[in-house]
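Trainee: Okay, predicted coordinates and the sequence, questions at the end:
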Amino acid sequence: MSLAFGLGRERAVDPSAYKLGAHEPCLSLKPASVEEGAEALRAAAAEKLAVVLWGGGTRLRRTLPARGYDVAIDLSGLSRILEYDPEDLTVTAECGVTLATLATTIAARDFDYVPNQYPKEVGDFRIIGLVDRLLHSFLVELRH
């Protein structure tokens with residue numbers, strides 16, 4: 001396994017921070033761009049490595065991988081709001097943006113944002129975690 005799948009040593013981070021139960025990955029990476037994240041996934045797939053995508057880690061601690069995993073890809077570095085158009089009520093953001101950052105950006109334009117109604121700790125959630133929760137809720141509804 002190449003150290004950082006061609007991303008360079010500066011993208012490798014301490015794997016112990018990504019331990020899930022007794023499972024610690026052999027490698028953990030923190031890409032700084034969508035392209036770097038995609039390259040890491042391509043390289044891991046080519047080597048048939050098990051990958052866990054890591055947002056804020058708020059939900060992962062409750063979900064243990066069945067057989068462990070090889071690579072943690074920390075998406076918190078993908079934390080830019082790329083576009084905000086209040087007139088169209090649209091925001092384009094990378095998956096590592098926290099809900100608190102999103103709320104602050106929107107509030108700066110005097111627009112009310114629903115996640116402000118959630119408990120304070122939800123502000124640390126990242127968009128990837130919110131999408132995961134929404135998708136999970138949707139799938140649960142489909143099953144019932």
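Mentor: Yes, it's here. Since this is a predicted model, take the numbers as computed values, not measurements.
Trainee: Quick one: residues contacting the closest residue to residue 54 other than its chain neighbours.
Mentor: Leaving aside its sequence neighbours, residue 54 sits nearest to residue 74 (Cβ to Cβ, 6 or more residues apart in numbering; 4.6 Å). To be clear about C-beta, it is placed using only N, CA and C from the backbone, and glycine gets the same treatment. Listed by Cβ atoms under 8 Å, 6 or more residues apart in numbering, the contact set of residue 74 reads 13, 18, 28-31, 54.
Trainee: And residue 74, its phi and psi?
Mentor: As for residue 74, its main-chain torsions (degrees, to the nearest 10) stand at phi -80, psi 110.
Trainee: re the thing from before, rebuild the contacts of residue 74 as JSON lines, extending it with distance to residue 90 and pLDDT.
Mentor: Formatted as JSON lines, these follow (distance: Cβ to Cβ, whole Å; pLDDT from 0 to 100):
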{"residue": "13", "distance to residue 90": "32", "pLDDT": "90"}
{"residue": "18", "distance to residue 90": "33", "pLDDT": "89"}
{"residue": "28", "distance to residue 90": "33", "pLDDT": "92"}
{"residue": "29", "distance to residue 90": "30", "pLDDT": "92"}
{"residue": "30", "distance to residue 90": "28", "pLDDT": "93"}
{"residue": "31", "distance to residue 90": "25", "pLDDT": "92"}
{"residue": "54", "distance to residue 90": "27", "pLDDT": "86"}
